[in-house]
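Engineer: sharing a model that was predicted from the sequence below.
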Amino acid sequence: MLLERVVETSATVAETRSRRAKIDALSALLMRLDAAEVEPVVSWLSGELVQGRVGIGYRTLSGLRIPASRTPTLTVAMLDDLFDRLAATAGAGSAAARRELLSEMFDRATTAEQRFLVQLLGGELRQGALEGVMTDAVARAAGLPAEPVRRAFMLSGRLPHAAAAALQGGLGALAEFRLELGRPVRPMLAAPAESLRSAVDELGEVSVEYKLDGARIQVHRDNERVWVFTRTLRDITASVPELVQLLAGLPCRSVVLDGETLALTDAGRPRPFQETMSRFGARSERELLLHPYFFDCVHLDGEDLLDRPLSERLSALERVAPGHRVPAVIRPDADTAGAHLDASLEHGHEGVMVKQLASPYIAGRRGRAWQKVKPEHTVDLVVLGAEWGYGRRRGFLSNLHLGARDPDGGPPIMVGKTFKGLTDALLRWQTEEFPKHESHRDEHTVYLRAELVVEIELDGVQTSTRYPGGVALRFARILRYRPDKSAAEADTIDAVRALLPGGGLHTPVPDQGLP
Ligand SMILES: Nc1ncnc2c1ncn2[C@@H]1O[C@H](COP(=O)(O)OP(=O)(O)OP(=O)(O)O)[C@@H](O)[C@H]1O
């Protein structure tokens, strides 16, 4: 297939806000692909290369001045081969070889294809938000229900892989996907509860657990080998030796546990989230010891437990790591559940999670089987840009432009601005970090690619005619950055609208005086 077709489809998907139109365009394209073309095309349309990052920066790309080809001749296979060769060049003299490969690529590309390549290599197409739409498009193209495709994706963490299996091998090939030791699965997520009472009433028999304000970890062990992954499935094994040692000592042959890890003060209270996250970096300080608290066990000694009820998974957890469980009460009455929430807050944690004991582990799903109860309203939003400060903040990137995720894979939708809550350290960090994510700038504002997620505390939202989603944040304050989340995991515009009084059923009216 000519690359031109892929580029046209990418443009169609970007231009429409209709989920159905996106799925139509993507599935029509997928149905025309040869077997070998599926993985690269699905990767490119999600903004990734099959080869992973090939180390070409945005600046190199925007500096390229190569006349475009008049006629489209590049094929999917040719481009994939060029990426293979680019990924294989490394070491002395590689810069020249890479430039040559890039020149070859751009020389053969039309103007629209060159633009696509710049965006693809520069990371601008990397829109995890498209994954849901792409999963449905793959299912449609393969003539299958969406659920088995989604499951294969969640278990492998690789949508191109799941797409190739669906399109070439159908249900049989998808059924081959299993939890594999050493390969992380997408974590199960929680929906917000209206109240502790409503969650317990809705879910029947439950486990009520502290919601710890740390960082999510998924740990795997296969005999001697241990892996530790983050919420975004990054392998951080090398920076957390104390967790590796702890896992190696558990009484089992193989295990996969889900949990939260925290750095604690001497008094046993949680340290700020940033301090825990700082341990996940490549050059992490080792003074702060991380304490893991596990809340799920999805594999034990050769047996996969994903489809077993939580009650069984908790028994497995109790057998293998009894000393490292998150504080929980099982089948509590209303008073006991309430006392557990109070105790969690008193100990400096965020609230509680209420989990249905009969529910399976649904990887990657934000479902109602897990519900979070916490007293504060917070949303995780994408940073779209920042304005240069004035007065005391002159020279610093300050007022943030904030966007909510479009659940159908479009660009984030702006819902407000704020500089409240920014400390001097954060102002310095923003000013240094933001240019690395810059897409363009004007006199007042540096605009960013949708890559950074920030947690915002707010009093609520109000209808707005100023912002395109029809809602605006009220009294938004910056709580912290969320390096453990990608833009694909930010809150959606629907989640923000749900905070409107009455759950988002209002029609927009003019708002007054936004910052
Ligand atoms: N007992 C627990 N069970 C499950 N998750 C827990 C628990 N304690 C803390 N967590 C954390 O809470 C998160 C689940 O909440 P949610 O699905 O809303 O993710 P989130 O968007 O990161 O939430 P938040 O922004 O409120 O932390 C998990 O990813 C995990 O990091």
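Structural biologist: Yep, that arrived.
Engineer: give the buried residues for stretch 228-239.
Structural biologist: Applying a neighbour-count criterion of 16 or more other CB atoms under 10 Å, the buried positions in stretch 228-239 are V228, F229, T230, R231, T232, I236, T237, S239. Every residue, glycine included, has its C-beta placed from N, CA and C.
Engineer: for the stretch 201-350 of the chain, which spans come out with low pLDDT?
Structural biologist: Along the stretch 201-350 of the chain, the parts satisfying pLDDT under 70 run over 281-287.
Engineer: please enumerate the strands of it.
Structural biologist: For the stretch 201-350 of the chain, the strands defined by DSSP state E, counting those that start in this stretch cover 206-211, 215-222, 225-230, 254-263, 290-300, 303-304, 328-330.
Engineer: tabulate those (JSON lines), appending distance to T111.
Structural biologist: As requested, the strands of the stretch 201-350 of the chain are exported to JSON lines (distance: least, CB to CB, whole Å):
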{"stretch": "strand 206-211", "distance to T111": "51"}
{"stretch": "strand 215-222", "distance to T111": "43"}
{"stretch": "strand 225-230", "distance to T111": "39"}
{"stretch": "strand 254-263", "distance to T111": "47"}
{"stretch": "strand 290-300", "distance to T111": "48"}
{"stretch": "strand 303-304", "distance to T111": "50"}
{"stretch": "strand 328-330", "distance to T111": "59"}
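Engineer: tell me the one of the buried residues of stretch 228-239 nearest T16?
Structural biologist: In terms of CB to CB, no member of these lies closer to T16 than T232, at 28.0 Å.
Engineer: next, format the strands of the stretch 201-350 of the chain as TSV and append distance to the ligand.
Structural biologist: Shown next, in TSV, are the strands of the stretch 201-350 of the chain (distance: least, CB to the nearest ligand atom, whole Å):
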stretch	distance to the ligand
strand 206-211	4
strand 215-222	3
strand 225-230	10
strand 254-263	4
strand 290-300	4
strand 303-304	20
strand 328-330	7
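Engineer: M277 versus R231, what's the distance?
Structural biologist: 11 Å (CB to CB, to the nearest Å).
Engineer: distance of L499 from the ligand?
Structural biologist: Going from L499 to the ligand by CB to the nearest ligand atom, to the nearest Å gives 14 Å.
Engineer: hmm, I typed the wrong one, I wanted L101.
Structural biologist: L101 is 40 Å from the ligand, by CB to the nearest ligand atom.
Engineer: skipping adjacent residues, who's closest to that residue in space?
Structural biologist: L86 (5.1 Å; CB to CB, 6 or more residues apart in numbering).
Engineer: for the one you found, what are its contacts?
Structural biologist: By CB atoms under 8 Å, 6 or more residues apart in numbering, the residues touching L86 are Q51, V54, I56, R98, L101, L102.
Engineer: so which of those are in helices?
Structural biologist: Among the contacts of L86, the members found in helices (DSSP state H) are R98, L101, L102.
Engineer: SS state for the closest residue to L341 other than its chain neighbours?
Structural biologist: Spatial nearest neighbour of L341, excluding adjacent residues (CB to CB, 6+ apart): V352 at 4.9 Å. Three-state assignment for V352 (DSSP: H, G, I helix; E, B strand; the rest coil): strand.
Engineer: ok so, going back, any residues in contact with both of R231 and M277?
Structural biologist: Common contacts of R231 and M277, defined by CB under 8 Å, 6+ apart, comprise A215, D484.
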